[in-house]
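Chemist: Build me a model:
(chains A and B)
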Amino acid sequence: MELWNEAVASSEAGEREGLINNGHISARQFMILVTLFAIGDAILYVPSLTATAAKQDAWISALIGWGEGFLLTYLYISLSMRYPNKSIFQYSEDILGKWMGKVVAILFITYFFIDASLMLMEIGDFVTTQIMQETPIEIILVLFTVIIVMGVRSGAEVFSRVSELLFPYFLLLFFVLIVFISPQIQIENVKPVLAHGMAPIFGGNFRYMGYLLETVILIVMFPLVKRPARAAKAYILGSLFSNFFLTMITSVAILVLGADITVLLAYPSYTLAQKISIGNFFERIEVLMAVIWFITLFVKITICFYATSRGIAYTLGLRDYRQLTFPLGMIMIVVALATMPNRPYFDTFVSEIWMPYSLTYGLFLPVLLLSVGALRRKKTVC
Amino acid sequence: MMDTEKQPALFHCSLDENLEKVKKELGNSTDLVTRQVRLEAVDQLLVGILYTEGLVDKNMISSFLESLMIHARKTVIPTEAEREVEPLMLMKDFLLTMGGVEEVYDFDHLYDAILTGDTVMLVEGYTYGFIINTKQWEDRGVQEPSVQTVVRGSREAFSENLRTNTALVRRRINNRNLWLETVQVGEMTQTKVAMMYIKGVVQDSVVTEVRERLGQIKIDGILESGNIEELIQDHTFTPFPTVYNTERPDSVAAGLLEGRVAILVDGTPIVLLVPAVFVQFFQSPEDYYMRADFGILRILRLISFFVALLGPSIYVAITTFHQEMLQTNLIMSIAAQREGVPFPAAVEAMLMEFTFEMLREAGVRMPRAVGSAISIVGALVLGEAAVQAGLVSPATVIVVSITAITSFVFPSFSMSIPIRLLRFGLIALAASFGFIGIFVGMIALCIHLCTLRSFGVPYMAPLAPMNLADQKDTLLRIPIWMMHTRPHFLRQKNSVRERKSKI
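Modeler: Here you go, the predicted structure:
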């Protein structure tokens, strides 16, 4: 009830403030955004990425991720709570001064934009390799860019509502996937546990963390929730939920497919869906199951794209970010095509480069901002 | 009439001149009746009476004349010495036995009165007259609802008469807090539009908003509530109805109790309710009259919504792109049926859908007498013969028929129109991109639905923004003894509707 009142009040506030400030979202919506965002493309790649190093212990790598997810989210929350109702672009200027702050803001914007383009390409690659081999990838990219631009243009309030509307379908399909595949679980696939000690597990976890680090992008959405304390709780809960889903899909992939096959597959979750066979009738429903990651990817790209356009609009001092969405959408398609010339290149990029790259933005810069901010504050007190 | 600044034209002293002017300005319309009577009892006054034939109650007119010409002689009227007031005021107090009597001072009001069915009385030597309420015209009377029928529940539907309609609502809510406001909309038609709401339940800002939006309408005529609906809705371009309409007084009463505002328009049996939300169009009054488990049918309606929207496009997507989704035997049999068909599945589905839409339209417009001919042509020639001739496959006919049936499941007809429209777009997307196209189309639809608002209330409430308490009456209806609050998304002043009322 209280959540509701908040949402109502926020929607009213949003209308009054018009286009400049894009309305508020409720804590519940923020939680759903965090959950769907953190699941994002990870649901497709995490099983094979973790299994590459950790083999049959991949699920332990994912479990460790719960702790890391919590700590990382805690870091983002402490940063956001320090400057309530200010976006990261604003407070990076407050902390580091106007020019250094702008540099950090631009760095963040490039990160958001590259992430959005990469994921767009992931969709394109997934669709053209797995579902519609004969369709040119550009068409798929344009198709998805259209709905992403549409979502971003309609504002944070609206796409939060869209994700709220889609969340039950995500849950339904996810659990249908898990339940329908569960008869094929073989416990032997996870044995022997800890055969090679902890080292490979951390190796697998290292890649898993690359996805957790991306949740830093939600820092942009944080000030949209009216009460920071509620937003903080939603951030943590959402991060835990997403870890739950990722651990679940990793474990099920290992349990059903076995570590060796999971490593070889480009999209283990999709293969899982292909293997569903109930009573010789519910078979090959993988296209329906693909809706799971279409939903999460849509939410994730939309948020990245929103963060990019808000960031650019703020940095350049534009009143409204909406005019940026069309050109940015076109640029995103081109960047997507440029970042991924072929699949092996992309695989190397994701497994070797993405993690350290994300570490800069997901860990290093927030820690920098937090510590410099803390030092500065002390100075002013003295 | 457009010029409101103009000084009102006042009456002359001479009765003849006044009557002549009225006759002339109404173009000597033949339904205007004028009559002059000399009153013996009251100072030999010469009285003129004007009314429009057909709009007045004939019995009332005759009793009115009777009271003037006969009873006036018997009534004890104070002599000239005794009275201090004007004779006309005396007449009002003693002679006019009708319910509503008001004074009239200018021609504009006089025209309004006689053209809406009132009778006007003018007197020689006086520059004012009386309007006597004699409205009464032929109407259909209260009949059974023809569109929103129920098995259990009231059998009354609204009619074309505004007064009858407001009375039907008042009979259901006997409360002094049920308020009624009337405005006249349409510069030419001067149509009466009434707003009804329950003071103390409804949110005041909604009432103010409705009042303002009605006040902003500047148009020559309002002929149906649909005109009002289009003029006051929040979003100009959307296929989805953001104003609820009903012909059932009990639906209106239920809406008022939830904190909505009803808009009744004279001359139509369709009443509007605002704010309206998406799920409202899947709710039937019967859901509340039957036992709570009947509410499960709403899930059926939701499934029908998806079938009606996606049925043909899923069929096209599967047969064109994702054949592996079907069981081998099934896909073999569909493929065998389609063997001799010259068209791709998308064209076939589009053709059949288009044919069905035409049949439906013809069914509504055609004269009753040729009805059976159309159904024979529709069912036999287009269904049977088209399949036998190898133009369409039987599977397509089945899919289109199921879609057709499901689109009639919704209790509200206005929701089936956007579905009919969007279906074609989705078929096109499915034919080009398979399930990916359908997914993209549905996301675009979700975004569109989430941007909609109806009088400030998000259209997808209480699903998005989600409100747990309001789920009690969304996809299911929980038992009435558990429904303690009104739907919160309407933000009423008083949201408690029930205290513990079960032992």
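
Chemist: residues near residue 48, how many?
Modeler: Looking at chain A here, since you left the chain open. A count of nearby residues for A:Ser48, using other Cβ atoms under 10 Å in any protein chain shown, gives 26. Backbone N, C-alpha and C define where each C-beta goes, glycine included.

Chemist: Can you look at chain B instead?
Modeler: 19.

Chemist: Name the SS class of it, please.
Modeler: Taking DSSP: H, G, I helix; E, B strand; the rest coil as the rule, one finds B:Gly48 in the strand state.

Chemist: for the spatially most central residue of chain B, what are its contacts?
Modeler: Residue closest to the mean C-alpha point of chain B, counted by Cα atoms, centre = their mean, is B:Ile270 at 2.4 Å. Under the criterion of Cβ atoms under 8 Å, 6 or more residues apart in numbering or on different chains, the contact list for B:Ile270 reads B:158, B:224-226, B:245-247.

Chemist: Let's see which of those residues end up in helices.
Modeler: B:225-226 (DSSP state H).

Chemist: from the contacts of B:Ile270, which single one is nearest B:Thr474?
Modeler: Closest approach between the contacts of B:Ile270 and B:Thr474, by Cβ to Cβ: B:Thr246, at 18.8 Å.

Chemist: remind me, longest helix of chain B?
Modeler: Scanning chain B for the helix with the most residues, using DSSP H, yields helix B:416-451.

Chemist: Report the strands that pair with the helix or strand just after that one, each with its relative direction.
Modeler: Where DSSP states H and E defines the elements, the next helix or strand beyond helix B:416-451 is strand B:453-454. Strand B:453-454 has the following strand partners under DSSP bridges: strand B:457-458 (antiparallel).

Chemist: Contacts for the partner strand next, please.
Modeler: Around strand B:457-458, the neighbours that count as contacts under Cβ under 8 Å, 6+ apart are A:11, A:161, B:275, B:277, B:450, B:452, B:464-465, B:489-491.

Chemist: Which of those residues scores worst on pLDDT?
Modeler: Scanning the contacts of strand B:457-458 for pLDDT, the smallest score is found at A:Ser11, 43.

Chemist: Which elements pack onto the helix or strand harbouring B:Ile374?
Modeler: Per DSSP H and E, B:Ile374 falls inside helix B:371-376. Packing contacts for helix B:371-376, counted by 3 or more Cβ pairs under 8 Å, 6 or more residues apart in numbering or on different chains; DSSP states H and E, involve helix B:345-365.

Chemist: A:Ala42 - nearest residue in space that isn't next to it in sequence?
Modeler: Spatially, and ignoring its direct neighbours in sequence, A:Ala42 is nearest to A:Tyr211 (4.0 Å; Cβ to Cβ, 6 or more residues apart in numbering or on different chains).

Chemist: Quick check: pLDDT value at B:Glu80.
Modeler: pLDDT at B:Glu80 comes out at 56.

Chemist: Contact partners for the residue nearest to A:Ala42?
Modeler: Taking Cβ under 8 Å, 6+ apart as the test, what A:Tyr211 contacts is A:38, A:40-42, A:45-46, A:246.

Chemist: residue contacts, residue 249?
Modeler: Chain wasn't specified; assuming chain A. A:43, A:46-47, A:178, A:269, A:272.

Chemist: nope, chain B please
Modeler: B:154, B:156-158, B:165, B:168-169, B:171-172.

Chemist: so where's chain A uncertain?
Modeler: Along chain A, the parts satisfying pLDDT under 70 run over A:1-22, A:378-382.

Chemist: Now do the strands in it.
Modeler: Applying DSSP state E to chain A gives strands spanning A:277-278, A:282-283.

Chemist: which stretch among those strands comes nearest chain B?
Modeler: Checking the strands of chain A against chain B by Cβ to the nearest Cβ gives strand A:282-283 as the closest, at 7.0 Å.

Chemist: what lines up beside that closest one in the sheet?
Modeler: Sheet partners by DSSP bridges: for strand A:282-283, these are strand A:277-278 (antiparallel).

Chemist: interface residues of chain B facing chain A?
Modeler: Selection of chain B residues close to chain A by Cβ under 8 Å from any Cβ of the partner chain yields B:321-322, B:324-325, B:327, B:433-437, B:439-440, B:443-444, B:446-447, B:449-451, B:456, B:458, B:460, B:463-467, B:469, B:488-489, B:491.

Chemist: List only buried entries from those residues.
Modeler: Among these, the ones that count as buried by 16 or more other Cβ atoms under 10 Å in any protein chain shown are B:321-322, B:325, B:433-437, B:439-440, B:443-444, B:446-447, B:449-451, B:456, B:458, B:460, B:463-467, B:488-489, B:491.

Chemist: about what we covered before: taking the contacts of A:Tyr211, tell me the two that lie furthest apart.
Modeler: A:Ala38 and A:Tyr45, at 13.2 Å, using Cβ to Cβ across the contacts of A:Tyr211.

Chemist: Neighbour count: those two, which is higher?
Modeler: Neighbour tally, A:Ala38 and A:Tyr45, criterion other Cβ under 10 Å: the higher count belongs to A:Ala38, 27 against 24.

Chemist: and the residue of the stretch 251-400 of chain B nearest chain A?
Modeler: For the stretch 251-400 of chain B, Cβ to the nearest Cβ, closest residue to chain A: B:Glu324, 4.4 Å.

Chemist: picking that back up, can you give me the separation between the residue nearest to the centre of chain B and B:Asp234?
Modeler: In this view, B:Ile270 and B:Asp234 are 19 Å apart by Cβ to Cβ, to the nearest Å.

Chemist: what does A:Ile147 give?
Modeler: 23 Å.

Chemist: if you count what's nearby, which of those two comes out ahead?
Modeler: Higher neighbour count among A:Ile147 and B:Asp234: A:Ile147, with 22 against 18, using other Cβ under 10 Å.

Chemist: In contact with that one, which residues?
Modeler: Remark: with contacts taken as Cβ under 8 Å, 6+ apart, A:Ile147 is in contact with A:298, B:440, B:443-444, B:447.

Chemist: same deal with A:Pro200?
Modeler: A:53-55, A:57 are the contacts of A:Pro200 under Cβ under 8 Å, 6+ apart.

Chemist: again, but for A:Pro47
Modeler: A:Pro47 makes contact with A:58, A:249-250, A:253-254, A:262, A:268-269, according to Cβ under 8 Å, 6+ apart.

Chemist: Just name the shakiest helix or strand of chain B by mean pLDDT.
Modeler: Ranked by mean pLDDT, DSSP states H and E, the weakest helix or strand in chain B is helix B:72-74, scoring a mean of 63.

Chemist: Other residues contacting the helix holding B:Ile374?
Modeler: For helix B:371-376, contacts defined as Cβ under 8 Å, 6+ apart pick out B:359, B:362-363, B:366.

Chemist: Of these - the most surrounded one?
Modeler: Counting by other Cβ under 10 Å, top hit in the contacts of helix B:371-376: B:Leu359 with 17 neighbours.
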